[in-house]
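A.B. asks: just the structure for this:
(chains A, B, C and D)
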2 protein chains.
Amino acid sequence: MKEGPSIAEVASLIGDPARANMLGALMSGRALTAGELANEAGITAQTASGHLAKLREAGLLMVEAQGRHRYFRLSGADIAQVIEGLMGIAARTGNLRTRTGPRDPDMRRSRVCYDHMAGEWAVRLFEGFVETGRLALADAAVSLTPAGKAFFVAEGIDVAALEKSRRPLCRTCLDWSERRPHLGGALGKAVLDHAMAKGWARRSATSRTLTVTPPGHLAFQAWLSADEALRRRAS
Amino acid sequence: MKEGPSIAEVASLIGDPARANMLGALMSGRALTAGELANEAGITAQTASGHLAKLREAGLLMVEAQGRHRYFRLSGADIAQVIEGLMGIAARTGNLRTRTGPRDPDMRRSRVCYDHMAGEWAVRLFEGFVETGRLALADAAVSLTPAGKAFFVAEGIDVAALEKSRRPLCRTCLDWSERRPHLGGALGKAVLDHAMAKGWARRSATSRTLTVTPPGHLAFQAWLSADEALRRRAS
DNA sequence: ACAACGGTTCGGCCGCGGCCGAAGCTTCGA
DNA sequence: TCGAAGCTTCGGCCGCGGCCGAACCGTTGT
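C.D. replies: Here you go, the predicted model:
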């Protein structure tokens, strides 16, 4: 009857509201200090310290001491993936956050998912890439086509370097607000980095929200329009 | 600061040991009665009833009344996926089940993951398929090649019918014991069904364990040997 | 009709664990 | 060298939630 690893411990770790809020804040992929996380969860520093010690001990978080600060981050993409999965389940079962604040629509529009884009824009771009053969969608999986590689290289993304990394180049990630996939993996991260370097998007200092700037709107629209033209020619 | 759906509730639901045991038992993909689940979790019927009501209310379980029995099952593959993810995290952080029983090695060798095969055999088969181009692996994603389709059709699996279903045909699923992917999706389910119909594998009546019969060993070996021959020819 | 069985509801016990106040430790800046 | 800031440890309070015994309800089979 006892089978497999004990999921109860790690799940109950995530299951405490204060800890869940901390983990949610860390879903931005950023490293945050103990104090920031305490504030995020609405608890005192000493309580937070206890929680963080547990999360660290269980291997969910990595910690890095820097002067008198201690920076915590999620210890891996697999952790983020499970949390995103839990969000999906919670959303599916109508378990929306009690009182969704005024800033919520912004986050629905665009946000950071660990280290890549998520939300309406991310999903729209992903679907555009697929429709025009820049990404090949095989069942739930994606890969970069030669045409897609040429496109991203022309945009200034060093795809060859990404391919060398051990991390998968493309990966689908289920968007909890859109319930449709968006692009993750090394390329997903590169696209976000690129967009921020170009000033197309700006991260909020305090949340996962991602603001797409006016130039960003134009740039993304251009990507989509090019897709549109390609699609017409193809049909 | 409050962002996204509330993951704490669903996580804490999974986080109770009794409930986690029930969910683990349901990972076999079977529907189990309340009594069986109570027994599985080592608690009395009335306590189990309360737990099951909560899991049902949260949408994690589906229930089907049949006579004086009530059959519970996981309400979807996404739930199973999150649980498998949690198992992966728990395993990675060295959180192995306290005292792994004697039956454990069997489960490590071969078991059912919701509705497809998992364990050593599943991983070996998956890698064999990939190496010989029956499955195409693009990053973390798989798809069925024409050669692969021909192979499975020849084996007697109605691939065309599977393609019609809304469910993705191929899907990778991370094996928690092997830490490498195996085949999920509609095709993964079909392979398991096929193996059981042919008498190549038998499911345990009480656990996720899957016993590969002697004919099954021969059949799977034949699949892999064919792969071997193909690979030699290819290189 | 009745007994047996599976499941649920109710009530009360109890312990685990989250929470904070206070105190201590280390690092940083003046 | 001293004070302030960030974080942790300790101790004690308290409430939530899991657990079971008992009683209740519907189904089944005789």
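
A.B. asks: where does chain A dip in pLDDT?
C.D. replies: Scanning chain A for pLDDT under 70 picks out the ranges A:1-5, A:94-105, A:138-141, A:165-167, A:173-180, A:205-206, A:226-235.

A.B. asks: where does it come near DNA strand C, residue by residue?
C.D. replies: Selection of chain A residues close to DNA strand C by C-beta under 7 Å from any atom of the strand yields A:16-18, A:43-44, A:46-47, A:50-51, A:54, A:67-68. Every residue, glycine included, has its C-beta placed from N, CA and C.

A.B. asks: quick one: which of those has the most company?
C.D. replies: Ranked by the number of neighbours (other C-beta atoms under 10 Å in any protein chain shown), those place A:His51 first, at 22 neighbours.

A.B. asks: say whether DNA strand D is contacted by the helix or strand harbouring that residue.
C.D. replies: A:His51 is part of helix A:45-57, with elements assigned from DSSP states H and E. Yes. Using C-beta under 7 Å from any atom of the strand, helix A:45-57 reaches DNA strand D at A:45-46, A:48-50, A:52-53.

A.B. asks: make a ChimeraX selection of the buried ones in the residues you listed.
C.D. replies: Burial among these is assessed by 16 or more other C-beta atoms under 10 Å in any protein chain shown; the matching ChimeraX selection reads:
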select /A:48,49,52
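
A.B. asks: out of the residues of helix A:45-57 next to DNA strand D, which is nearest to DNA strand C?
C.D. replies: DNA strand C has its nearest neighbour among the residues of helix A:45-57 next to DNA strand D in A:Gln46, at 4.0 Å by C-beta to the nearest atom of the strand.

A.B. asks: now do the closest one against chain B, distance only.
C.D. replies: 20 Å (C-beta to the nearest C-beta, to the nearest Å).

A.B. asks: and the furthest pair within the residues of chain A next to DNA strand C?
C.D. replies: A:Pro17 and A:Gly67 (30.1 Å; C-beta to C-beta).

A.B. asks: what distance do you get for A:Leu137 to A:Lys189?
C.D. replies: 19 Å (C-beta to C-beta, to the nearest Å).

A.B. asks: I meant A:Tyr71, not that one.
C.D. replies: Going from A:Tyr71 to A:Lys189 by C-beta to C-beta gives 19 Å.

A.B. asks: who's more crowded, these two?
C.D. replies: The residue with more neighbours, out of A:Tyr71 and A:Lys189, is A:Lys189; 20 against 16, by other C-beta under 10 Å.

A.B. asks: quick one: the more buried one and A:Asp115 touch, right?
C.D. replies: Yes. Using C-beta atoms under 8 Å, A:Lys189 is in contact with A:Asp115, at 4.5 Å.

A.B. asks: about what we covered before: between the residues of chain A next to DNA strand C, which is closest to chain B?
C.D. replies: Among those, A:Pro17 lies closest to chain B (C-beta to the nearest C-beta), at 4.5 Å.

A.B. asks: is it true that that closest one touches B:Ala8?
C.D. replies: Yes. The criterion here is C-beta under 8 Å, and A:Pro17 meets it with B:Ala8 at 4.5 Å.

A.B. asks: just give me the neighbour total for A:Leu210.
C.D. replies: Neighbour number of A:Leu210 under other C-beta under 10 Å is 26.

A.B. asks: which strand or helix spans it?
C.D. replies: strand A:210-212.

A.B. asks: list the contacts of stretch A:199-213.
C.D. replies: With contact meaning C-beta atoms under 8 Å, 6 or more residues apart in numbering or on different chains, stretch A:199-213 is reached by A:24-25, A:27-28, A:103, A:106-107, A:109-113, A:117, A:119, A:121, A:192, A:195-196, A:215-216, A:219-220, B:1, B:3-4.

A.B. asks: burial check on the spatially closest residue to A:Ala195 that is not a sequence neighbour, number of neighbours?
C.D. replies: Nearest residue to A:Ala195 in three dimensions, chain neighbours excluded: A:Ala201, at 4.5 Å (C-beta to C-beta, 6 or more residues apart in numbering or on different chains). Residues lying near A:Ala201 (other C-beta under 10 Å) number 24.

A.B. asks: gap between A:Ala201 and A:Leu74?
C.D. replies: 21 Å.

A.B. asks: can you name the residue of chain A nearest DNA strand D?
C.D. replies: A:Gly35 (2.5 Å).

A.B. asks: now that residue: how far from chain B?
C.D. replies: 14 Å.

A.B. asks: residue contacts, the nearest residue to that residue once chain neighbours are set aside?
C.D. replies: Nearest non-adjacent residue to A:Gly35, counting by C-beta to C-beta, 6+ apart: A:Ala45, 6.2 Å away. Counting by C-beta under 8 Å, 6+ apart, A:Ala45 touches A:34-35, A:38.

A.B. asks: wait, is A:Trp121 part of a strand?
C.D. replies: No. Applying DSSP: H, G, I helix; E, B strand; the rest coil, one finds A:Trp121 to be helix, outside a strand.

A.B. asks: OK, contacts around A:Leu26?
C.D. replies: Residues in contact with A:Leu26 (C-beta under 8 Å, 6+ apart) are A:32, A:37, A:61, A:72-74.

A.B. asks: ok, which pair from these is furthest apart?
C.D. replies: A:Leu37 and A:Leu74, at 11.9 Å, using C-beta to C-beta across the contacts of A:Leu26.

A.B. asks: and the two? Which one has more around it.
C.D. replies: The residue with more neighbours, out of A:Leu37 and A:Leu74, is A:Leu37; 27 against 22, by other C-beta under 10 Å.

A.B. asks: that one: which element?
C.D. replies: Applying DSSP H and E, one finds A:Leu37 within helix A:34-41.

A.B. asks: what comes up buried for that helix?
C.D. replies: A:34, A:36-41.

A.B. asks: cool, stretch A:53-62 as well?
C.D. replies: Residues A:55, A:58-61 are the ones in stretch A:53-62 that count as buried (16+ other C-beta under 10 Å).

A.B. asks: let me know the closest of these to A:Pro181.
C.D. replies: After measuring these against A:Pro181 - C-beta to C-beta - the closest member comes out as A:Leu60, at 24.7 Å.

A.B. asks: give me the phi and psi for that closest one.
C.D. replies: Dihedral pair for A:Leu60: phi -80, psi -30, per degrees, to the nearest 10.

A.B. asks: please report how far it lies from B:Ile79.
C.D. replies: Using C-beta to C-beta, A:Leu60 is found at 20 Å from B:Ile79.

A.B. asks: show residues contacting the helix holding A:Leu37.
C.D. replies: Contacts for helix A:34-41 (C-beta under 8 Å, 6+ apart): A:17-19, A:21-22, A:25-26, A:32, A:44-45, A:47-49, A:51-52, A:69-70, A:72, B:1.

A.B. asks: three-state assignment of A:Ser207?
C.D. replies: coil.

A.B. asks: ok, it - how many residues close by?
C.D. replies: 21.

A.B. asks: where along chain A do the strands fall?
C.D. replies: A:32-33, A:61-66, A:69-74, A:111-113, A:116-118, A:135-138, A:141-144, A:171-174, A:181-184, A:201-203, A:210-212 (DSSP state E).

A.B. asks: which other helices and strands does the shortest one contact?
C.D. replies: Contact analysis of strand A:32-33 by 3 or more C-beta pairs under 8 Å, 6 or more residues apart in numbering or on different chains; DSSP states H and E lists strand A:69-74 as its packing neighbours.
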